[in-house]
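> return a 3D structure for these sequence lines:
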Amino acid sequence: MLEYPRIGALALGMITSRFVMPDGEEYLTIYIPTIPIPTSGFMTFVRESEVTPTDITFDEAMRIIFSGGVLAEEITREHFRRRHRVDKGEPDEESAALAAERSTMD
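Numbering: from 1, shown residues only. Predicted coordinates for the structure are as follows:
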């Protein structure tokens with residue numbers, strides 16, 4: 001996420017590349033899809049320090065975009081729950097399901 005198109009407004013974007021400017025500063029190329037046609041959008045170059053990383057997957061980001069933002073709360077809430085469980089040392093549901101499946105194979 002980054003503040004775009006103005007300070008205080010957050011945009012969901014995808015990092016498409018990284019590059020180093022001649023002065024040595026690292027920049028990211030960010031693609032910001034638009035609604036309702038995510039194949040159009042904006043591309044911007046920003047300093048890595050200006051980007052807030054998330055653990056939202058590409059598929060989840062696209063679900064938020066295709067829904068016009070309707071699913072944003074549901075998806076971000078699930079990420080908060082998952083992160084909170086991991087921080088407490090509890091396995092997330094996906095990891096627990098994989099562990100259970102592996103134990104039945106042994």
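> I'd say Arg47 and Tyr27 touch.
Yes - counting by Cβ atoms under 8 Å, Arg47 does reach Tyr27; the two are 6.0 Å apart. (Each C-beta comes from the backbone N, C-alpha and C, glycine too.)
> looking at these two, which one has more neighbours?
More crowded of Arg47 and Tyr27, by other Cβ atoms under 10 Å: Tyr27, with 16 against 12.
> quick check: closest non-adjacent residue to that one.
Phe45 (5.0 Å; Cβ to Cβ, 6 or more residues apart in numbering).
> what does the host helix or strand of that neighbour contact?
Counting by DSSP states H and E, the element that carries Phe45 is strand 41-47. Applying Cβ atoms under 8 Å, 6 or more residues apart in numbering, the contact partners of strand 41-47 are 2, 4, 13, 16, 25-34.
> so how far is that strand from its chain's centroid?
Centre-to-centre, strand 41-47 and its host chain are 15 Å apart (Cα atoms, centre = their mean, to the nearest Å).
> same question for it, mean pLDDT?
Mean per-residue pLDDT for strand 41-47: 93.
> return the distance of the following helix or strand past that strand from the chain's centre.
Once strand 41-47 ends, the next helix or strand along the chain (criterion: DSSP H and E) is helix 58-66. Taking Cα atoms, centre = their mean, the mean C-alpha location of helix 58-66 is offset from the chain mean by 9 Å.
> wait, Glu60 touches Arg77, no?
No - between Glu60 and Arg77 there is no contact under Cβ under 8 Å: 11.8 Å.
> neighbour-wise, which of the two wins?
Taking neighbours as other Cβ under 10 Å, Glu60 and Arg77 compare with Glu60 leading, 19 against 10.
> what separates the more buried one from Ile7, distance-wise?
Separation of Glu60 from Ile7 (Cβ to Cβ, to the nearest Å): 26 Å.
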